[in-house]
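1. Based on what follows, work out the 3D shape:
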Amino acid sequence: MDPALQTARYINLTTFRKDGREVATPVWCAMANGKLCFYTVANSGKVKRIRATQRVKVAPSDGRGKPLGAWSEGTGRILTDPAEAARVYRAMAAKYGWQYALITLFARITGNVGRRITVELTL
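-> Numbering: from 1, shown residues only. Just a heads-up that it's a prediction; the model follows:
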């Protein structure tokens, strides 16, 4: 794994549609259990694509998704164990600090905390 992925503020997460077309999305990520992880809402397109194909590729990026380093290919896995998800949330909180806390507060206010899902990437 590219060491820049571990410290990057954003990564460009590229998922694949069933027909092979790529869809790129910038996401926050953190290392949990030695793997790159992120969270998103459960009904997002990236989750649907990971469930369908599991194939992903990632690169460190800016906030708009412009790649800033080398691409790494791998697979994505939806985490269903609450303990695994808790580790991801702790890692995200440690990495993003007050910004993570603010986003979590807004998610609680809007009722979206329960709609979140965590994803683990194996590269």
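2. In the protein, where's the longest helix?
-> Counting by DSSP state H, the longest helix found in the chain is helix 82-110.
3. Centroid-nearest residue for this structure?
-> The residue lying closest to the centre of the chain (C-alpha atoms, centre = their mean) is Phe38, at 2.8 Å.
4. From what I see, that residue and Pro26 are in contact.
-> No - contact criterion C-beta atoms under 8 Å: Phe38 and Pro26 do not qualify, at 10.4 Å. (Each C-beta comes from the backbone N, C-alpha and C, glycine too.)
5. Identify the contacts common to the two.
-> 11, 13 (C-beta atoms under 8 Å, 6 or more residues apart in numbering).
6. re earlier: tell me the confidence at the residue nearest to the centre of the chain?
-> Predicted confidence (pLDDT) at Phe38: the value is 97.
7. what's next to the strand or helix carrying it, contact-wise?
-> Phe38 is part of strand 35-41, with elements assigned from DSSP states H and E. Strand 35-41 is touched from outside by 1, 5-6, 11, 13, 27-31, 46-47, 58, 79, 85, 88-89, 91-92, 112, 115-123, with contacts defined as C-beta under 8 Å, 6+ apart.
8. By the neighbour-count criterion, which of those residues qualify as buried?
-> Buried members of the contacts of strand 35-41, counted by 16 or more other C-beta atoms under 10 Å: 5, 11, 13, 27-31, 46-47, 58, 79, 85, 88-89, 91-92, 116-121.
9. Give me the nearest residue to Gln6, chain neighbours excluded.
-> Met31 (5.4 Å; C-beta to C-beta, 6 or more residues apart in numbering).
10. Appreciated, that's everything.
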